[in-house]
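Asks: I would like the atomic coordinates for the input below:
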Amino acid sequence: MPPAVTLPQALSVLDDQPSVRDFLARAAVGGQLSHAYLFLGAPGSGKTEAALALAQCIVCPNGGCGSCDECIRVRHRTHPDVRVVDPESASGYLVEQVRELIDDVPLAPVRGQSKVYILTNAGLLRREAANALLKTIEEPPAGVYFILVGRTVDAILPTIVSRCQRVPFKIVSPGIAVRSVERAVGASETEARIALSVAGTPERAGQFLASSGRRQVRRLMVRTIGELARDDEWDVLCSARALVEAVWESQGRPAAKGRGKADDPVRRELERRIEGREDYLSKGAITQIEKSVKRELTARERSGMMEALAAAESLLRDVLTRCEGVPTPIVNQDVADAVERIAAGTCTGGAVRALEAVAQAADDISHNVNPQLAFEVMLLCVKEALACPPSSR
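Replies: Residues are numbered from 1 along each chain as shown. Predicted structure coming up:
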């Protein structure tokens, strides 16, 4: 058995993954960190949370204390030397996106001695983008670390896998996930279950509960579906627009009618990204970073739209449970009256068709259909589906 080591406080968030926690602690404390890791496991197993915790250990002057300014910035994803990179296209990482990252790697860190790049959804590194990244991952400059996050080895190109140290994560049961959210943010069991149904993973569920904007999107979606039976088509179209604007605002983008230059999220993020490097970045480099920021914000807004649809799906699944007379507790306990009211006016077939309409909207948005159009069609289809007459039950 490996000897016990002092656990960096930042890694305590991995108590539900003790093997991973102890492995990373030994590497961090013993100065044996790999230049590239591949975190593998099912959604909800805490891989991204672990990547951020390890990044804290790397950039923190105290080895991952979890409470200094460096650690707080990493946790809030505002540290200039820790980049969390998401695919900027519905089909995966763009080659242009990867090349911009490669150009950033040789630049000196802004605040310390090290830089960390966290690539989510590594299975979406398609061949051309992955090949562009290979050399950099294999021989990064000193002090540069890569953490790739994926589901399974089979979904990732073997050439990428061979250049990373694999770290497997075990599946976390729903009960453990709920307790993890409760412990992380002080939420009730009901709040944790709702957050997980909307956000999907304990880490994102915690972020959801910490965001008044994202919680407002969920409340608006629940209210919208609950009122569909008495809304006319114009009301539905207005509701779709309100939902899209609520998502924009939850992601830091003001609604169009109140937007000014100072509110431009692209400008704000660009200023943060180039902080401390303005004097030696060329105009062309700044333009490339600005393009990257725009793609990232678009991807973030798409994620917000998907979260809104997940809230609709969660509510309609509760409705289906009631239509079928299943005695299990519903997830959306805070709006149990709305669930009962919708279920009383529809049938099993109607609930199923409504869920299919939500799934179709998610597929449309993932293929770059205009979100407002997708929401309009979805809400109209859900309204029609839930109008299933009680006699057809």
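Asks: Now do the helix or strand containing residue 311: which elements does it pack against?
Replies: Secondary structure from DSSP states H and E places residue 311 in helix 283-324. For helix 283-324, the contact count by 3 or more Cβ pairs under 8 Å, 6 or more residues apart in numbering; DSSP states H and E identifies helix 95-104, helix 189-199, helix 212-226, helix 233-250, helix 265-273, helix 336-344, helix 348-366, helix 371-386 as packing neighbours. Backbone N, C-alpha and C define where each C-beta goes, glycine included.
Asks: Could I get the average pLDDT for the second one?
Replies: Model confidence over helix 189-199 averages 94 on the pLDDT scale.
Asks: Flag every buried residue along that helix.
Replies: Counting neighbours by 16 or more other Cβ atoms under 10 Å, one finds that the buried residues in helix 189-199 are 191-199.
Asks: sorry, back to before: between the helices and strands packed on helix 283-324, which gets the lowest average pLDDT?
Replies: Taking the mean pLDDT of the helices and strands packed on helix 283-324, helix 265-273 comes last: a mean of 66.
Asks: would you list the helices and strands packed on helix 283-324 in a markdown table and tack on distance to residue 78?
Replies: Formatted as a markdown table, these follow (distance: least, Cβ to Cβ, whole Å):
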| stretch | distance to residue 78 |
| --- | --- |
| helix 95-104 | 16 |
| helix 189-199 | 20 |
| helix 212-226 | 17 |
| helix 233-250 | 18 |
| helix 265-273 | 7 |
| helix 336-344 | 37 |
| helix 348-366 | 27 |
| helix 371-386 | 26 |
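Asks: picking up where we left off before, and the angle from the helix holding residue 311 to helix 348-366?
Replies: 180 degrees (axes from the mean of the first three to the mean of the last three Cα atoms, to 10 degrees).
Asks: picking that back up, what's the closest of the helices and strands packed on helix 283-324 to residue 180?
Replies: Closest approach to residue 180 among the helices and strands packed on helix 283-324 (Cβ to Cβ): helix 189-199, 8.2 Å.
Asks: and the angle from the closest one to helix 212-226?
Replies: 80 degrees.
Asks: list the helices and strands helix 189-199 packs on?
Replies: helix 174-185, helix 202-210, helix 283-324.
Asks: looking at those helices, which is closest to residue 121?
Replies: Residue 121 lies closest to helix 283-324 among the helices and strands packed on helix 189-199, at 10.3 Å (Cβ to Cβ).
Asks: what pLDDT, on average, does the closest one get?
Replies: 83.
Asks: Domain parsing of this protein, as residue ranges.
Replies: Per automatic domain parsing, the structural domains of the chain span 9-172, 177-210, 211-392.
Asks: List the residues that contact the closest residue to residue 197 other than its chain neighbours.
Replies: Closest residue in space to residue 197, ignoring its immediate chain neighbours: residue 314 at 4.0 Å, by Cβ to Cβ, 6 or more residues apart in numbering. Contact partners of residue 314, counting by Cβ atoms under 8 Å, 6 or more residues apart in numbering, are 194, 197-198, 331-332.
Asks: if I look at residue 314, how far off is residue 307?
Replies: Separation of residue 314 from residue 307 (Cβ to Cβ, to the nearest Å): 11 Å.
Asks: ok, now how distant is the closest residue to residue 233 other than its chain neighbours from residue 373?
Replies: Spatially, and ignoring its direct neighbours in sequence, residue 233 is nearest to residue 380 (7.0 Å; Cβ to Cβ, 6+ apart). For residue 380, the distance to residue 373 equals 11 Å [Cβ to Cβ].
Asks: One more: residue 212?
Replies: Note on residue 212: its distance to residue 373, by Cβ to Cβ, is 27 Å.
Asks: Compare the two (neighbour count), which wins?
Replies: Higher neighbour count among residue 212 and residue 373: residue 373, with 14 against 8, using other Cβ atoms under 10 Å.
Asks: what sits against the more buried one?
Replies: Counting by Cβ under 8 Å, 6+ apart, residue 373 touches residue 364.
Asks: roughly how far apart are it and residue 233?
Replies: According to Cβ to Cβ, residue 373 and residue 233 sit 14 Å apart.
Asks: same thing with residue 367?
Replies: Going from residue 367 to residue 233 by Cβ to Cβ gives 25 Å.
Asks: Residue 133 against residue 102, yeah?
Replies: Yes - assessed by Cβ atoms under 8 Å, residue 133 is found in contact with residue 102 at 6.9 Å.
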